[in-house]
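S.K.: using only what follows, build the 3D model:
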Amino acid sequence: MKAKNYVLTRHSIKSRFVSWSIALFIMLLAVTGPAFATPAENAPIWRAQITLTTADVGDAGTDDTLSVRLGGSNKTWLDYGRDDFPRNNTFTYDLNLENLRVISDLDFITISKTGDDGVCLKWFTLLINGRVIYRHVFPGSGHWLDTESGDSPTYHISGSTLRQNDSWLAYAQPPAPLGISHAETESRIEGMVGHFITGNRLDWGPKYGRAYVEVARKANAVNTLHVDLDLHADVPGFDPEVDVDFDIQVRCVNEQITLRVLNVKVDVDSNWITEVLSLGLIELFDDYLTDRLNQGLRGINLGLDVDVPFCPVIVVDAEGDIRFSLPASGGAQAAAEQSSAAQVVSGKAIDDGIAPLAVDVELADQLKADAETAYTVLLKSNRAEPSEVNVRIALPALITPGGALIEVKDAAGERQLAPQFSAGENGETLLDFSDRLEPGAENRYSLNLRFPYAPKAEAQINVTAVEADGKTSINSATSLHLENGAVKVRGTFQASKVAKPAPAPEKTDGAAKGTSGAVGK
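M.R.: You can find the predicted model right below:
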C-alpha cells in the first residue's frame, strides 16, 4: 500500500479552526488509547486484512478456495485475480468488514477451505487498521488444512487466544488516516468483488491493464474515482468477457463522508446481457459494493463522533489517492449540502473508439414517481462515413411515454422525430425510429417518461441500435428499482455485436501461398 503523510501545522490553519482542531485531537486520543496498552475493545476498525504464507513442502499449494471468518456473521472468500495459494507464497487479502466495527467484534479467527486438495500453511497474521494484531506460526513444516489423514479443513483461534497473543498485547491503535491510496482502494474492491463472485459463475480476467482492478481519478472530476474491472462469465457454450466500469464519488453530507457507486457500465463481448445479469451483477453494484466500501469509512471518519461544524475538503489527486484536509476558509458546509443533490447516472456515450456504434443513456437518480422526466439516449458513430441506424426503445408495461415525439439534438441543431409505436409480446411499449448518423457524430434522443407509484417494482428499459446493413448492433439495458414513490437507477449494461470482416483473398502472383524465394527464369 502506498501511504502518504499529510502534516498540518499551526501556521497553515487559521485561528477560526483552532477549536475544531482541539476537538479532533481530543477525539483521536479517546479512540486510539495510549500507544503502550492493549487495544481498547471500543477502538474502531476501518480495515481488516489477513496475510497467509503457504509452506515450502510438496503439494503445499491448492487450487481450492479458502475463507476467513472473524465472527459468527462475518466471512470473506479469498479470491483475488491471481494464483491464490501456490506453494511457498505470501499474500495479503482485504477482508469484509460486515458486522465488524470495533475491536470487541473480533470474536475469533477461522480459516477454512473447500474441496479435497489440501493446503499447508506455514504462518498467518491478522492486521487491523494496517497493523498486526495477531500472529501465528505453525511448528515444523506447517499445518495442513485437508480432509485426508485425519486432518481438518478448518483451523480455529478462539477470542481468548487472540487476546493473549503477544501481538495483541503489543498492538497500538493507529490514528485515523487522512487519505486512502489508490492501491488500498484497488485491494479493498478486489477483495469485495472476489468474495462476491465466488461460486456464481463469474471469474477474473482476461486482464487488459496492469491489474484486474484499476482505479484512477475520473477525468474532470475533483472528488470522483473511476474503476475498471476485468471479468468473464461462465454461460452455456461460451465464456464472454465482461468489462465493468463504474465511478466512486467521495462526498460529505451532513458532516459524514461516504463513497457512492455511480455510472455502472457492464460491457459484454457478445449478446449475453440476460445471462450475465442473471449472475448477480446488478446486486453487486446496487447494494453490496457501496455498503461495504462505506463500512470501512465509518471507522476512518472519526470526526463523525464530535460536533464538527463543516466537512473536510475532499480531493482525488492525479494518482487516484483520496485526500482529506481542513478547509482553507468558511463555506465548506454549503458545499457539503450541495453534494446531496440528485446525480446524473451517465455522462457521455460509452465509447472505445473502435466499435462502429456506442450507446448510453441519461436519467436522473432518485426520481419521483407519477412525474414526467426526460430519458435521453446518446448514440455515437465511429464511422468515417455517414450511416443509417434503426433504433428501438422498449419500455416495460408499467412505464408510459409522456408524448408522441422524440426531441433530437445533433451537430446541426434541434429537431423532432415521430417514432412508430407498437406493443411487445410482454406488454411493453416499443418505439421504433430511424436516423442518419454523420461521421463521428453523437446524437441525443430525448423523450418524457412517466413512472407510476409502486410499493416495490423492478423495471428495465432496453435500447437496441442496428446499422441499416445489419453488420453492427448494440444493446443497452438500464435497470430501475421503484420503491415507495422513488425511482432508483441501478446501472446501464451494454452488449455489442460487430460483424467480422471477410478474409482477404489469397494472392495469385509469385508471392502466392506456397511459393518462396526467386521465381525460375
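S.K.: what stretches of the stretch 301-450 of the chain score poorly on pLDDT?
M.R.: 301-310, 326-356, 364-367 (pLDDT under 70).
S.K.: again, only using 90
M.R.: Where the stretch 301-450 of the chain drops to pLDDT under 90, the residues are 301-315, 323-387, 396-400, 402-404, 411-412, 424-428, 437, 439-442, 448-450.
S.K.: for it, what spans make up the strands?
M.R.: With DSSP state E, counting those that start in this stretch as the criterion, the stretch 301-450 of the chain has strands at 313-316, 322-325, 357-362, 367-368, 372-381, 387-395, 400-401, 406-410, 413-417, 420-423, 429-437, 442-450.
S.K.: quick check: neighbours of the fifth one in the sheet, parallel or antiparallel?
M.R.: The one in question is strand 372-381. Under the criterion DSSP bridges, strand 372-381 sits next to strand 357-362 (antiparallel), strand 442-450 (antiparallel) in its sheet.
S.K.: which parts of the stretch 151-300 of the chain are helices?
M.R.: Remark: helices assigned in the stretch 151-300 of the chain by DSSP state H, counting those that start in this stretch are 159-164, 166-170, 182-197, 273-277, 281-283, 289-300.
S.K.: what is the burial count for residue 128?
M.R.: 26 (other Cβ atoms under 10 Å). Bear in mind the C-beta positions are built from the backbone N, C-alpha and C, glycine included.
S.K.: residues contacting it?
M.R.: Applying Cβ atoms under 8 Å, 6 or more residues apart in numbering, we find residue 128 in contact with 39, 45, 47-48, 103, 106, 171.
S.K.: let's see that with 10 Å instead.
M.R.: By Cβ atoms under 10 Å, 6 or more residues apart in numbering, the contact list for residue 128 reads 39, 43-49, 70, 95, 100, 103, 106, 134, 168, 171, 173-174, 299.
S.K.: pLDDT at it, what is it?
M.R.: Per-residue confidence (pLDDT) for residue 128: 97.
S.K.: about what we covered before: using neighbour counts, trim the contacts of residue 128 to the buried set.
M.R.: Buried by 16 or more other Cβ atoms under 10 Å: 39, 43-49, 70, 95, 100, 103, 106, 134, 168, 171, 173, 299, out of the contacts of residue 128.
S.K.: mind giving me the domain split of the chain?
M.R.: 48-170, 177-338, 357-498 (automatic domain parsing).
S.K.: so residue 417 touches residue 406, yeah?
M.R.: Yes - Residue 417 lies in contact with residue 406 (Cβ atoms under 10 Å); the separation is 4.6 Å.
S.K.: spell out which residues are contacts of both of these two.
M.R.: 391, 431, 433, 435, 445, 447.
S.K.: which two of the residues you listed have the greatest separation?
M.R.: Spatial extent of those (Cβ to Cβ) is set by the pair 435 and 447 at 13.7 Å.
S.K.: tell me which of these two has more neighbours.
M.R.: Neighbour tally, residue 435 and residue 447, criterion other Cβ under 10 Å: the higher count belongs to residue 447, 21 against 18.
S.K.: wait, the more buried one touches residue 391, no?
M.R.: No - under the criterion of Cβ under 10 Å, residue 447 makes no contact with residue 391, lying 11.5 Å away.
S.K.: any common contacting residues for the two?
M.R.: 377, 406, 417, 419, 431.
S.K.: got a PyMOL select line for the buried ones in the residues you listed?
M.R.: If you want just the buried ones from those in PyMOL, going by 16+ other Cβ under 10 Å, the selection is:
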select buried, resi 377+406+419+431
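S.K.: on that earlier part again, what touches both of residue 435 and residue 447?
M.R.: Joint contacts of residue 435 and residue 447 (Cβ under 10 Å, 6+ apart) are 406, 417.
S.K.: the closest residue to residue 62 other than its chain neighbours: neighbour count?
M.R.: Spatial nearest neighbour of residue 62, chain neighbours left out: residue 119 (3.9 Å); criterion: Cβ to Cβ, 6 or more residues apart in numbering. Around residue 119 there are 27 other residues, counting by other Cβ under 10 Å.
S.K.: over to residue 40?
M.R.: With other Cβ under 10 Å as criterion, residue 40 counts 16.
S.K.: next one: phi and psi at it?
M.R.: phi -70, psi 140 (degrees, to the nearest 10).
S.K.: likewise for residue 425?
M.R.: phi -60, psi -30.
S.K.: now it: how far from residue 397?
M.R.: Between residue 425 and residue 397 the computed distance is 11 Å (Cβ to Cβ, to the nearest Å).
S.K.: what about the two, which has more around it?
M.R.: residue 397 (12 against 6).
S.K.: from residue 476, how far off is the more buried one?
M.R.: In terms of Cβ to Cβ, residue 397 sits 19 Å off from residue 476.
S.K.: with residue 52 instead?
M.R.: 41 Å.
S.K.: neighbour count winner among the two?
M.R.: A count of neighbours by other Cβ under 10 Å puts residue 476 above the other of residue 52 and residue 476, at 26 against 21.
S.K.: residues in contact with that one?
M.R.: So residue 476 contacts 265, 273, 346, 350, 358-361, 377-379, 393, 461-465, 492-496 (Cβ under 10 Å, 6+ apart).
S.K.: mind saving the C-alpha coords of stretch 273-283 as PDB?
M.R.: Output in PDB follows, covering the C-alpha atoms of stretch 273-283 (Å, rounded to 0.1, in the frame of the first residue of the first chain):
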ATOM      1  CA  ILE A 273     -26.900  -9.400 -21.400                       C
ATOM      2  CA  THR A 274     -29.700 -11.600 -20.000                       C
ATOM      3  CA  GLU A 275     -27.400 -14.400 -19.000                       C
ATOM      4  CA  VAL A 276     -24.800 -12.100 -17.400                       C
ATOM      5  CA  LEU A 277     -27.300 -10.100 -15.400                       C
ATOM      6  CA  SER A 278     -28.700 -13.300 -14.000                       C
ATOM      7  CA  LEU A 279     -25.300 -13.900 -12.300                       C
ATOM      8  CA  GLY A 280     -26.000 -11.000  -9.900                       C
ATOM      9  CA  LEU A 281     -24.000  -8.000 -11.200                       C
ATOM     10  CA  ILE A 282     -26.900  -5.700 -10.500                       C
ATOM     11  CA  GLU A 283     -26.900  -6.700  -6.900                       C
END
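S.K.: just give me how far that stretch sits from the chain centre.
M.R.: The chain centroid and the centroid of stretch 273-283 are separated by 15 Å under Cα atoms, centre = their mean, to the nearest Å.
S.K.: ok, stretch 71-80 next?
M.R.: 18 Å.
S.K.: also stretch 263-274?
M.R.: That offset, for stretch 263-274, works out to 15 Å (Cα atoms, centre = their mean).
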